[in-house]
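Undergrad: Next one to model:
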Amino acid sequence: MAKGKQQAARAQNQSQAMQQSNQQPQQMTVEKFLQSPEIAKEFQKALPDHLRSPQFLRTCLTEVRSNPKLAMCTPASLMGAFIQCAQLGLQPGRALGEAWLIPYNNKKKGEDGRWHKVPEVNLQFGYKGLQKLSCQGSDLVDVKSVAVYENEEFIYEEGLETRLIHKPVLDAKKRGDLKAAYAVGIPRDPETEKPFRVLGKDEIEKRRKCGAGNSDAWENWYDQMAKKTAVRALCDQLPKSASMAMACRLDDAAHEGASQELSELFDPKSLPDGVELVAGTSEATTVAESHAEADRAKAAQTDDDVRALIKEKCAWLVKANVKPEDAMGGMTEAQAMKLSGDELWAALDMLVEFEASKAS
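TA: Modelled structure (predicted):
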């Protein structure tokens, strides 16, 4: 009799354990979730007509895999950043340089009433992203941004008639340091006056120091950030679409190092039943990483060999009617050839990731 009661109790305990196990949510990283069919359906709803969901998801996946710090941010902020890019119609990541995903330690007030640092993702828009948004819902077909250097002829006049003349020096070694940047809007009607905005080096520095002036973007891509600053200055004097207004608000928050509250865009209820997103990375090797490893094995440990490989990949892009600077975040092949060490490898990695995204 006692033995029967023990067996019954044991069976009941096993049943309760199984029920508790079934009630525990399945934990899944963002990297793994991005490969699920459910997320493809959700993103398709947010994407504009010119972006296809599979292509956009591959771009998101490449970003998570290429920057482990993103995967360690709160899943809600990372997913929110992807959703915001989808809603604006911008591609995240280095391949096109439209929107950059930056890990931040944002200050958040916890349930205990104290402020804590929380790893979150913030969006920082590149000048190409702002150029694209400037043309949405406006009379502009394009926005061009150009850096001006000390040894270049540059005439800028204001008055009853404005005049802007710039004669660039093509040899990067002879053009000197950056002294200004300007942005010009190209109207649909050729007869319409072209709006433009010029910023001198002092004004660029003033705007840089007002925000996150010591960020990696300014340290590594000063010329591109200067051009973005000129585009943003032009945008401030043009009518803004809803998308452009949103991008400016988010860009201001990123510039100040504040939280953009992207987590609010992600609804946990959109997850499949029993699934919980957690921070972390997968141990699986990515396509881009495998390509990078193969390229590193192919190249000797000298900068000249890396430059030769970069030249080879740039030639492949040109044959595919793709500008190398579109794959290297705005950096030209000539600029890449002047790099050395880790910076040179970083340029190669960008080309490898871009090539892998096109091949997949």
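
Undergrad: Would you check that Ala230 makes contact with Leu178?
TA: No - contact criterion C-beta atoms under 8 Å: Ala230 and Leu178 do not qualify, at 11.3 Å. Every residue, glycine included, has its C-beta placed from N, CA and C.

Undergrad: Please say which of these two ends up with more neighbours.
TA: More crowded of Ala230 and Leu178, by other C-beta atoms under 10 Å: Ala230, with 30 against 16.

Undergrad: Kindly indicate whether the residue nearest the centre of the chain is helix, strand or coil.
TA: Per C-alpha atoms, centre = their mean, the C-alpha nearest to the average position across the chain is that of Trp100, at 2.1 Å. What DSSP: H, G, I helix; E, B strand; the rest coil gives for Trp100 is strand.

Undergrad: distance between the ends of stretch 312-326?
TA: By C-alpha to C-alpha, to the nearest Å, the extent of stretch 312-326 from end to end equals 16 Å.

Undergrad: scratch that, stretch 162-178
TA: This stretch, stretch 162-178, spans 23 Å end to end (C-alpha to C-alpha).

Undergrad: Need the residues that contact it.
TA: For stretch 162-178, the external contacting residues (C-beta atoms under 8 Å, 6 or more residues apart in numbering) are 146-157, 182, 184, 196, 198, 201, 222-223, 226, 334-335, 338.

Undergrad: circling back to that earlier point, test my guess that the residue nearest to the centre of the chain contacts Leu90.
TA: No - using C-beta under 8 Å, Trp100 is not in contact with Leu90, being 10.3 Å away.

Undergrad: Now list whatever residues contact both of those two.
TA: By C-beta under 8 Å, 6+ apart, Trp100 and Leu90 have these common neighbours: Phe125.

Undergrad: how distant is stretch 148-165 from the center of its chain?
TA: Averaged C-alpha coordinates place stretch 148-165 at 32 Å from its chain's average position (C-alpha atoms, centre = their mean, to the nearest Å).

Undergrad: cool, and stretch 243-262?
TA: The answer for stretch 243-262 is 14 Å, by C-alpha atoms, centre = their mean.

Undergrad: Same question for that stretch: list its buried residues.
TA: Going by neighbour count (16 or more other C-beta atoms under 10 Å), the buried part of stretch 243-262 is Ser243, Met244, Ala247, Cys248, Leu250, Asp251, Ala253, Ala254, His255, Ser259, Gln260, Leu262.

Undergrad: same question, stretch 163-173
TA: Buried residues in stretch 163-173, counted by 16+ other C-beta under 10 Å: His166.

Undergrad: What's the end-to-end length of that stretch?
TA: Using C-alpha to C-alpha, the end-to-end distance of stretch 163-173 comes out at 28 Å.

Undergrad: do stretch 230-249 as well
TA: Start and end residues of stretch 230-249 are separated by 17 Å (C-alpha to C-alpha).

Undergrad: just to revisit the earlier point, point out the ones among the buried residues of stretch 243-262 that are inside helices.
TA: Using DSSP state H, the subset of the buried residues of stretch 243-262 located in helices is Ser243, Met244, Ala247, Cys248, Leu250, Asp251, Ala253, Ala254, His255.

Undergrad: Could you export these as JSON lines, including pLDDT?
TA: Formatted as JSON lines, those follow (pLDDT from 0 to 100):
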{"residue": "Ser243", "pLDDT": "88"}
{"residue": "Met244", "pLDDT": "88"}
{"residue": "Ala247", "pLDDT": "89"}
{"residue": "Cys248", "pLDDT": "87"}
{"residue": "Leu250", "pLDDT": "90"}
{"residue": "Asp251", "pLDDT": "84"}
{"residue": "Ala253", "pLDDT": "83"}
{"residue": "Ala254", "pLDDT": "77"}
{"residue": "His255", "pLDDT": "74"}
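
Undergrad: Helix or strand with the lowest mean pLDDT in the chain?
TA: When each helix and strand of the chain is scored by mean pLDDT, DSSP states H and E, helix 287-298 comes last, with a mean of 44.

Undergrad: circling back: give me the beta-bridge partners of the residue nearest to the centre of the chain?
TA: Taking DSSP bridges as the rule, Trp100 bridges to Gln124.

Undergrad: so what's it scoring on pLDDT?
TA: Looking at Trp100, its pLDDT is 87.

Undergrad: Please apply the same query to Lys108.
TA: 76.

Undergrad: ok, and it, which helix or strand is that part of?
TA: Assigned by DSSP states H and E, Lys108 belongs to strand 99-109.

Undergrad: Tell me the gap between that strand and the middle of its chain.
TA: In terms of C-alpha atoms, centre = their mean, the centre of strand 99-109 is found 13 Å from the chain centre.

Undergrad: So what touches that strand?
TA: Under C-beta under 8 Å, 6+ apart, the answer for strand 99-109 is 63, 67, 69-70, 72-73, 78, 81, 85, 88, 90-94, 115-126, 129, 215, 217, 254, 257-259.

Undergrad: what about the stretch 151-300 of the chain, any weak spots by pLDDT?
TA: Scanning the stretch 151-300 of the chain for pLDDT under 70 picks out the ranges 211-216, 257, 281-300.

Undergrad: packing partners for the strand or helix carrying Arg207?
TA: Following DSSP H and E, one finds Arg207 within helix 201-209. Judged by 3 or more C-beta pairs under 8 Å, 6 or more residues apart in numbering; DSSP states H and E, helix 201-209 is in contact with strand 178-187, helix 222-235.

Undergrad: Quick check: which of these is nearest to Ala327?
TA: Between Ala327 and the helices and strands packed on helix 201-209, the tightest spacing by C-beta to C-beta is seen for helix 222-235, at 14.2 Å.

Undergrad: list the buried ones in the closest one?
TA: Buried residues in helix 222-235 (16+ other C-beta under 10 Å): Gln224, Met225, Ala226, Lys227, Lys228, Thr229, Ala230, Val231, Arg232, Ala233, Leu234, Cys235.
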